[in-house]
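Student: Sequence below, structure please.
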Amino acid sequence: MSNVETEPAELACGGDPAAPGRVEVLGARSVPLGGPRAMPVHRTLPQRPRSLIGAWCFADHYGPVDPAESGGMSVGPHPHTGLQTVSWLFAGEIEHRDSLGSHAMVRPGELNLMTGGHGICHEEVSTPETTLLHGVQLWVALPDEHRHADRDFQHYVPPVTALDGATARVFLGTLAGETSPVRTFTPLLGAEIVLEPGSQTRLEVDPEFEHGVLLDTGTITFEGTPLETAQLGYRGTGARTIDLRNPGSAPARVILLGGPPFGEEILMWWNFVARSHDEIVEFREAWEAESAQFGAIEPYPGGPARLPAPPLPAVRIKPRRNPS
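Tutor: Next up, the predicted model:
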């Protein structure tokens, strides 16, 4: 997915995790996802209180929405550098094409992971058959030694793993004895967890990871801290378990994210992850010049046009760090 903001913030991200055991609640801001009717998405990463969770550097939550009313997802060809995109749906269907030559459908319970590396472009459009669109779009920052990696695309359908009072689909990393085969460039955890009404589950996790719990539907407490829909609960390194409880009378669904603290400062602007302001300028100029760095892809017939890069801000970046 693209960040289609016309005036995207320029962010430097990095820093130390919060103290172990403390749950920090991050609210979401509403961002329109382009188009004349602009489907709204709820963005919890990055933001001023916290920029990264492990290598997870971007988190959008959207829906459930009716594409007939919201315009659905209609994002034309756009670039990415220095990151991997993770697409995960709860409902609906999205058609994906990229300059690697990939053509795939994003469907509920199926992971699509695209590596941008040195440069890639792609487009995403919800299908005409979709009557309800609901999901998350996540980005993973690539470490410096791998951020110019070759373009890649992986598809994986994780099995449903039974837990105590819950089920999980582990799409990245390892949880509850289930390991995803999908390749990443840093250790990561990504899983969808559905808790039964009135249930509580305790999960063993890597104490070297920091973790985030994004609430999709229902009610939930994370280590006793209540979360509201689209909020993200964060906890720093050092804990060996995660406690989730559903006090409600309906199932609750969360996305669990994790990874060791990302030891590098990154710069994010629009759809680029870089290491300096000057590098962002180069990426933007290359995209506007239709450079081979990103490859090329034909827009859908009658679909959204190639996205132009927004104007750069008039000021250079000022570092923004996670609180210590």
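
Student: Give me the neighbour count for the residue nearest to E204 when sequence neighbours are not counted.
Tutor: Spatial nearest neighbour of E204, excluding adjacent residues (CB to CB, 6 or more residues apart in numbering): T241 at 5.7 Å. Any C-beta I mention is one placed from the backbone N, CA and C, and that applies to glycine too. The criterion is other CB atoms under 10 Å. On that basis, T241 has 10 neighbouring residues.

Student: Longest helix in this protein, please.
Tutor: Looking across the chain with DSSP state H, the single longest helix is helix 277-288.

Student: now that one: how far from the chain's centre is it?
Tutor: Computed by CA atoms, centre = their mean, to the nearest Å, the chain-centroid distance of helix 277-288 equals 23 Å.

Student: ditto for stretch 84-101
Tutor: Centre to centre, stretch against its chain (CA atoms, centre = their mean), the figure for stretch 84-101 is 12 Å.

Student: With stretch 145-153 instead?
Tutor: 17 Å.

Student: Show me the helices in the stretch 51-200 of the chain, by range?
Tutor: 67-70 (DSSP state H, counting those that start in this stretch).

Student: Verify the stated contact: D243 with G224.
Tutor: Yes. Contact criterion CB atoms under 8 Å: D243 and G224 qualify, at 7.4 Å.

Student: These two - which one has more neighbours?
Tutor: More crowded of D243 and G224, by other CB under 10 Å: D243, with 13 against 8.

Student: Kindly state the beta-bridge partners for the more buried one.
Tutor: Note on D243: beta-bridge partners R202, judged by DSSP bridges.

Student: Tell me who's in contact with it.
Tutor: By CB atoms under 8 Å, 6 or more residues apart in numbering, the contact list for D243 reads 200-202, 222-224.

Student: What of G63?
Tutor: Contacts for G63 (CB under 8 Å, 6+ apart) come out as 90-92, 132-135.

Student: what's the answer for G259, then?
Tutor: Here G259 is in contact with 53-56, 173, 186-189, 209-210 (CB under 8 Å, 6+ apart).

Student: Show the backbone phi and psi for the closest residue to P40 other than its chain neighbours.
Tutor: Leaving aside its chain neighbours, P40 sits nearest to S30 (5.0 Å; criterion: CB to CB, 6+ apart). S30 adopts backbone torsions of phi -80, psi 130, taken as degrees, to the nearest 10.

Student: Go ahead and confirm S30 touches H42.
Tutor: Yes. Assessed by CB under 8 Å, S30 is found in contact with H42 at 6.1 Å.

Student: more crowded one of these two?
Tutor: Taking neighbours as other CB under 10 Å, S30 and H42 compare with H42 leading, 20 against 9.

Student: Am I right that the more buried one is in a strand?
Tutor: Yes. Under DSSP: H, G, I helix; E, B strand; the rest coil, H42 sits within a strand.

Student: Go through the contacts of D243 and single out the one with the most neighbours.
Tutor: Top of those by neighbour number is F222, holding 24 neighbours under the definition other CB under 10 Å.

Student: and the closest residue to that one other than its chain neighbours, what does it touch?
Tutor: Counting by CB to CB, 6+ apart, F222 lies nearest to G233, which is 4.1 Å off, once chain neighbours are set aside. Neighbouring residues of G233 by CB under 8 Å, 6+ apart: 23-26, 212-213, 215, 222-223, 225, 227.

Student: Next step: those residues restricted to strands.
Tutor: Assigned to strands by DSSP state E, the following of those qualify: 23-26, 212-213, 215, 222, 225, 227.
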